[in-house]
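1. no FASTA, just this:
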């Protein structure tokens, strides 16, 4: 990178891919949208048809994207019983690793247009406007409605400071001189020096909208950019090689990033959250793997027989090695039998039949493309049949999932199991907030992590800093242990039994996040029973020598929102949650269950206490 005046010249060029897609309903378009998320950087969707209470489906559609979406059905929902089919709606997905600072400039009440201000790390600013223009009908309201949309865009651009503009979406007109809509929009383009993105790079798009029953088609989805960006357009294209159940084709534009864009695009490393999917695991193979690997772990039995001064113990290294060997055996046992994948890669309703139908639809579409996209004949009929079968099966599977969940919620209510009832209810209807990409006005994962580190460090107190209290505590502990050794009443080597380990495991919940070692409760309950013996021996060794493995002190700290109604972009609105190793949790429950009669809390404390 070289600096000349105030311009940055990039030695390594990159591309920014912007995409727009009319989903024709969320259920019809979510499969194609999932495919678009693998390549797109900024994705605008129209006609998702979601009601206000279902917008979280799009807000949290993909873990690598930050979502912004609006429903066109707010007035419809508030006015009583819903009648007719759903309609409208806009959404914008922005890839998080772009490190953009995104703010909403405005949204039209009828949800025809929405404008975002996107600021890149170096200050380069783009106004992004998603549009779903009205359709040219028989009524005379078309000119009025389109004028309102154009007035909204004009106001957003005049009232903001920016470097470039991108306007994209379903505009419902062809770019022809005899089109009333295009004439009106073209006047706006002249005022702000906007061009269609393919002005210089060209395109081979024949249509973006196709009505299969009549074979009527047109190019009504467009991407317009400012003059500065139009010369940077590298490719303008339609996505016709994916399974698409909408009547619109997604269109995309690759913008070449060079000195005109005045910023550096961050590296495109995938930032997906991965987890072990035990519901898709080969449990028999995992059981067999744990039997083989755990049987190879060397147990240092001598540690149970040698009593030594915990302040001068020389066996700490042996305890660490034994613990690490157990963790390593459990971790290696998962290879090849417990899939590690993106947490959204498996839909709850997905099965092998849907996979087969999707592949059949992809194969039929590939054949249709090879045959130059015929609109009649055997090849086209095969494509339409495969597409219809997949669409129908997908709709039925999603409907069955909703019905099963409704039945489960109803049964829990009838059984008066309110804890499980509200958990299921919230999983269906609560608004889930995605993690913001900007905290305290800055972006970038490493920078945000440092902010949280500084913020949370003030919450903790280092007890080792108080030397006098530490010395006093150690002296009392040494005196207590010495008396136990002298009276020969120390039961460290036999303190815990198999029953204690199993009882502690039952205190933990399934499906929880793993600690830094990647292990969860499922690793214990699906493993060979020898794991219980290993844990019993390890915990008794810990008690004999007064030392816990070093890795018990390692954890992953996750920021959790305190109040969802307050500022989600402020670090002060987050509290830290530590994800500890699963074996350390089991050990803590063993201690608590054995000595809970000694753990007395104040009568005025009501939270975090077990119900009587």
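-> It's in. Only a predicted model underlies this, so the values are computations on that prediction, with no experimental measurement involved.

2. Show the average pLDDT along stretch 419-435.
-> Per-residue pLDDT values over stretch 419-435 give a mean of 73.

3. With stretch 567-579 instead?
-> The model assigns stretch 567-579 a mean pLDDT of 87.

4. Pull out the buried residues from the host helix or strand of residue 384.
-> Using DSSP states H and E, residue 384 falls within helix 378-414. Under the neighbour-count criterion of 16 or more other CB atoms under 10 Å, helix 378-414 has 379-380, 382-383, 386-387, 390-391, 393-394, 397-398, 409, 412 buried. Where you see a C-beta, it was placed from the backbone N, CA and C, and this is true even at glycine.

5. Name the nearest of those relative to residue 26.
-> Distance to residue 26 across those (CB to CB) is lowest for residue 398, with 9.9 Å.

6. Touching, that closest one and residue 27? I think so.
-> Yes: if you go by CB atoms under 8 Å, residue 398 and residue 27 touch, sitting 6.0 Å apart.

7. Which elements pack onto the helix holding residue 384?
-> Using 3 or more CB pairs under 8 Å, 6 or more residues apart in numbering; DSSP states H and E as the contact test, the elements touching helix 378-414 are helix 26-36, helix 352-370, helix 418-429.

8. can you list contacts of the next helix or strand after the shortest one?
-> I take that to be helix 26-36. Using DSSP H and E, the next helix or strand after helix 26-36 towards the C-terminus is strand 42-46. Here strand 42-46 makes contact (CB atoms under 8 Å, 6 or more residues apart in numbering) with 16-23, 29, 33, 36-37, 58, 65, 69, 88-95, 98, 118, 128, 130-132, 166, 168-170.

9. Report the distance from the helix or strand just after strand 42-46 to the chain centre.
-> Tracing the chain past strand 42-46, the next element assigned as helix or strand by DSSP H and E is helix 56-59. Put simply, helix 56-59 sits 11 Å off its chain's centre (CA atoms, centre = their mean, to the nearest Å).

10. do the same with stretch 418-430
-> 20 Å.

11. what's in contact with it?
-> 53, 56, 405, 408-409, 412-413.

12. Could you list which residues are in contact with residue 385?
-> Counting by CB under 8 Å, 6+ apart, residue 385 touches residue 364.

13. confidence score at it?
-> 90.

14. ok, now how distant is it from residue 242?
-> 18 Å (CB to CB, to the nearest Å).

15. Ok, residue 551 next?
-> 45 Å.

16. Helices of the stretch 501-612 of the chain, residue ranges please.
-> Assigned by DSSP state H, counting those that start in this stretch, the helices in the stretch 501-612 of the chain fall at 521-525, 530-545, 582-595.

17. Can you add mean neighbour count, distance to residue 362 and mean pLDDT and give these back as JSON lines?
-> Formatted as JSON lines, those follow (neighbours: other CB atoms under 10 Å; distance: least, CB to CB, whole Å; pLDDT from 0 to 100):
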{"stretch": "helix 521-525", "mean neighbour count": "20", "distance to residue 362": "33", "mean pLDDT": "94"}
{"stretch": "helix 530-545", "mean neighbour count": "21", "distance to residue 362": "43", "mean pLDDT": "91"}
{"stretch": "helix 582-595", "mean neighbour count": "18", "distance to residue 362": "40", "mean pLDDT": "91"}
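
18. could you dump those to JSON lines with distance to residue 107?
-> Shown next, in JSON lines, are those (distance: least, CB to CB, whole Å):
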{"stretch": "helix 521-525", "distance to residue 107": "43"}
{"stretch": "helix 530-545", "distance to residue 107": "54"}
{"stretch": "helix 582-595", "distance to residue 107": "45"}
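
19. Residue 190: which of these is closest?
-> That would be helix 521-525 among these, by CB to CB, at 62.2 Å.

20. Output the contacting helices and strands for that closest one.
-> So helix 521-525, by 3+ CB pairs under 8 Å, 6+ apart, packs with helix 498-506, helix 530-545, helix 582-595.

21. what does it contact?
-> 276, 278, 330, 333-334, 505, 508-510, 512, 531-532, 535, 582, 586.

22. mind giving me JSON lines with the helices and strands packed on helix 378-414 and columns for distance to residue 475 and mean neighbour count?
-> Below are the helices and strands packed on helix 378-414 laid out as JSON lines (distance: least, CB to CB, whole Å; neighbours: other CB atoms under 10 Å):
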{"stretch": "helix 26-36", "distance to residue 475": "62", "mean neighbour count": "20"}
{"stretch": "helix 352-370", "distance to residue 475": "65", "mean neighbour count": "15"}
{"stretch": "helix 418-429", "distance to residue 475": "46", "mean neighbour count": "13"}
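
23. out of the contacts of strand 42-46, which are inside strands?
-> Those of the contacts of strand 42-46 mapping onto strands are 16-22, 65, 69, 90-95, 118, 128, 130-132, 166, 168-170, per DSSP state E.

24. buried subset of the residues you listed?
-> The neighbour-count test (16+ other CB under 10 Å) marks 16-22, 65, 69, 90-95, 118, 128, 130-132, 166, 168-170 as buried among those.

25. any idea how far residue 214 is from residue 175?
-> Taken as CB to CB, the span from residue 175 to residue 214 is 22 Å.

26. ok, residue 584 to residue 505 distance?
-> As judged by CB to CB, residue 584 and residue 505 stand 13 Å apart.

27. returning to what we had before: check the contacts of helix 521-525 and tell me the two furthest apart.
-> It's 333 and 509 that sit farthest apart of these, by CB to CB, at 21.5 Å.

28. Give me the more crowded residue out of the two.
-> Higher neighbour count among residue 333 and residue 509: residue 333, with 25 against 8, using other CB atoms under 10 Å.

29. who are the neighbours in contact with residue 143?
-> Residue 143 sits next to 180, 184 when contact means CB under 8 Å, 6+ apart.

30. try 10 Å this time
-> 134, 136, 180-181, 184 (CB atoms under 10 Å, 6 or more residues apart in numbering).

31. In contact with residue 306, which residues?
-> 300, 313-315, 493, 544-545.

32. Can I get those in a markdown table including secondary structure and distance to residue 112?
-> Shown next, in a markdown table, are the contacts of residue 306 (DSSP: H, G, I helix; E, B strand; the rest coil; distance: CB to CB, whole Å):
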| residue | secondary structure | distance to residue 112 |
| --- | --- | --- |
| 300 | coil | 71 |
| 313 | coil | 73 |
| 314 | coil | 75 |
| 315 | coil | 72 |
| 493 | helix | 75 |
| 544 | helix | 73 |
| 545 | helix | 71 |
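
33. What is the burial count for residue 77?
-> 14.

34. tell me the pLDDT at residue 171?
-> Taking residue 171 on its own, its pLDDT is 95.

35. now the residue lying closest to it once chain neighbours are set aside: how far from residue 424?
-> The shortest distance from residue 171 to any non-neighbouring residue, by CB to CB, 6 or more residues apart in numbering, is to residue 133 (4.7 Å). Separation of residue 133 from residue 424 (CB to CB) stands at 40 Å.

36. Same check on residue 512?
-> 17 Å.

37. Where do the domain boundaries of the chain fall?
-> 12-271, 274-342+439-595, 352-424 (automatic domain parsing).

38. closest to residue 606 out of the ones you listed?
-> domain 352-424 (17.1 Å).

39. By mean pLDDT, flag the weakest helix or strand of the chain.
-> Every helix and strand in the chain was compared by mean pLDDT, DSSP states H and E; the lowest is strand 2-4, with a mean of 29.

40. closest to residue 558 out of the helices and strands packed on helix 521-525?
-> With CB to CB as the criterion, residue 558 lies closest to helix 582-595 of those, at 15.5 Å.

41. quick check: angle from that closest one to helix 530-545?
-> Helix 582-595 runs at 70 degrees relative to helix 530-545, counting by axes from the mean of the first three to the mean of the last three CA atoms, to 10 degrees.

42. so how far is helix 582-595 off the chain centroid?
-> Taking CA atoms, centre = their mean, one finds helix 582-595 lying 32 Å from the centre of the chain it belongs to.

43. again, but for stretch 507-520
-> The chain centroid and the centroid of stretch 507-520 are separated by 19 Å, computed with CA atoms, centre = their mean.
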